[in-house]
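*Asks:* coords below, sequence missing:
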């Protein structure tokens, strides 16, 4: 694996909170909502119902504890992977042992990454009026691709990660819009507690693009109604 971080001039975009949601501030007058915020606020009814039932079963305090633990696990794993890709000491002693184990499992999954052209890349799309931050843009098996890291307490299947693909599809489309690339390949590397890592691969399809557009429209419709 080698680095080519100067290939694209990725912008440095800060985030702000508007109406209780995360937005990326492109200019003092223009801000686009985060893709993760959009997906989180437009979950299908069956997903929202399941989450509500789970919260009711375990209680709000326990649900918040689980959410925070998952967020910390994801943040720590991402940071270690970023440091590893840059050739730095990951600082293993700073992190819980179980998070280091997940990092070590995912590290082995990076063998297919040939050239890294960006990490923690801020991207935006004027067509969708959405922004976000991609974990990695890299040549994966020789083809430019979006690479996203995920962590989980359980083994997930393709059926469990529909929103992850919408997220990656947005990154690819935004990158293509900003830089004239033609990224179609998306790779999700998932570290699972006490299990082998999972690798999911998919190419952008019309179905994904339509699904993404529908979720973005739903978000903006809801925001407009709330602020009216």
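*Replies:* Arrived safely. All values derive from a computational prediction rather than experimental measurement.
*Asks:* ok, longest strand in this structure?
*Replies:* Secondary structure assigned by DSSP state E gives strand 113-125 as the longest strand of the chain.
*Asks:* off-centre distance for that one?
*Replies:* Per Cα atoms, centre = their mean, to the nearest Å, the displacement of strand 113-125 from the mean C-alpha position of its chain is 12 Å.
*Asks:* work out for me the element residue 165 sits within.
*Replies:* Per DSSP states H and E, residue 165 falls inside helix 162-179.
*Asks:* okay, the angle between that helix and strand 113-125?
*Replies:* Interaxial angle, helix 162-179 versus strand 113-125 (axes from the mean of the first three to the mean of the last three Cα atoms, to 10 degrees): 80 degrees.
*Asks:* now do the buried residues in helix 162-179.
*Replies:* By neighbour count on 16 or more other Cβ atoms under 10 Å, the buried set for helix 162-179 is 163-176, 178-179. Any C-beta I mention is one placed from the backbone N, CA and C, and that applies to glycine too.
*Asks:* sorry, back to before: just checking, what packs against the longest strand of the chain?
*Replies:* Packing partners of strand 113-125 (3 or more Cβ pairs under 8 Å, 6 or more residues apart in numbering; DSSP states H and E): strand 2-3, strand 21-27, helix 60-85, strand 130-140, helix 162-179.
*Asks:* which pLDDT value does the model give residue 200?
*Replies:* pLDDT, residue 200: 96.
*Asks:* show me the contacts for it.
*Replies:* Residue 200 makes contact with 158, 161, 164, 187, 188, 190 under the criterion Cβ atoms under 8 Å, 6 or more residues apart in numbering.
*Asks:* quick one, phi/psi of it?
*Replies:* phi -110, psi 140 (degrees, to the nearest 10).
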